[in-house]
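Visitor: any chance you could fold what I've pasted below:
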Amino acid sequence: MKNLNIKSKLIAGAALVVITAASVVFHGEGGVHAQDTPPPVGERISFGMVGITQGQTVRVNAANVIAENDSDFPPGPTRVAIIVVNSRGELMRDRDGNAIRRIAMLERGESTFLNLNADDLQWPPGPIRLQLRAVVTAIPPASPDSSRLTPSSIAPSVEVFNNANGRTVVFIDNPGVVRGFNPQPDPPLANQQPR
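Guide: Predicted structure coming up:
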């Protein structure tokens, strides 16, 4: 009986060694590492609705406006994701069903854009106006000082233009909602008397 108990303990120990070794082989020695600094938090900038019809294009622009020698920002590119959603918040897709989006790494001073040409979409018959909303997400480079928040460096805008002549119909450069941004009123001046 005692031999049986020792054998089962040896088998259980050998199984534990085999499982541990297999885990190292399949996941690699460096499978999990603690991060020194937390990953940067993205800032989502949502625009209001714009309407387009066939023969028009929506262009969503994003520019990294950090000056080349600005030491207030950490070095490295800012990751930008641009999408366009419909009035129900669903991601717009082309005729093949592919998501219409652009993801770019913008170094200081660089810009990118996403065009959504209404002529490339499937339309039901008849005159229709499609309501769209642009969303730009910017993830700044990680700051070496994890206690310091990195402000956004992306200046987005939305433009609607006619395909035939390139004439701009709508231009929006001040987004309506910036998630995480809570504007506070200026404090009253010291010499100002309350009314």
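Visitor: let me see the contact set for P75.
Guide: Applying CB atoms under 8 Å, 6 or more residues apart in numbering to P75 gives the contacts P141. Placement of C-beta: from N, CA and C, glycine included.
Visitor: now it: how far from S157?
Guide: Distance of P75 to S157, given as CB to CB, to the nearest Å: 26 Å.
Visitor: and what of N163?
Guide: Distance, N163 to S157, by CB to CB: 19 Å.
Visitor: so M105 sits right up against P77, yeah?
Guide: Yes - using CB atoms under 8 Å, M105 is in contact with P77, at 4.1 Å.
Visitor: sorry, back to before: of N163 and S157, which one has the most company?
Guide: S157 (18 against 13; other CB atoms under 10 Å).
Visitor: give the contact list for the more buried one.
Guide: With CB under 8 Å, 6+ apart, S157 has these contacts: 60-61, 171-173.
Visitor: P77 too?
Guide: Contacts for P77 (CB under 8 Å, 6+ apart) come out as 64, 105-107, 110, 141.
Visitor: can you find the helix or strand in this protein with the smallest mean pLDDT?
Guide: Counting by mean pLDDT, DSSP states H and E, the weakest-scoring helix or strand in the chain turns out to be strand 177-178, with a mean of 46.
Visitor: returning to what we had before: redo the contacts of P77 as JSON lines? Include pLDDT and secondary structure.
Guide: Formatted as JSON lines, those follow (pLDDT from 0 to 100; DSSP: H, G, I helix; E, B strand; the rest coil):
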{"residue": "N64", "pLDDT": "88", "secondary structure": "strand"}
{"residue": "M105", "pLDDT": "93", "secondary structure": "strand"}
{"residue": "L106", "pLDDT": "91", "secondary structure": "strand"}
{"residue": "E107", "pLDDT": "90", "secondary structure": "coil"}
{"residue": "E110", "pLDDT": "92", "secondary structure": "coil"}
{"residue": "P141", "pLDDT": "75", "secondary structure": "coil"}
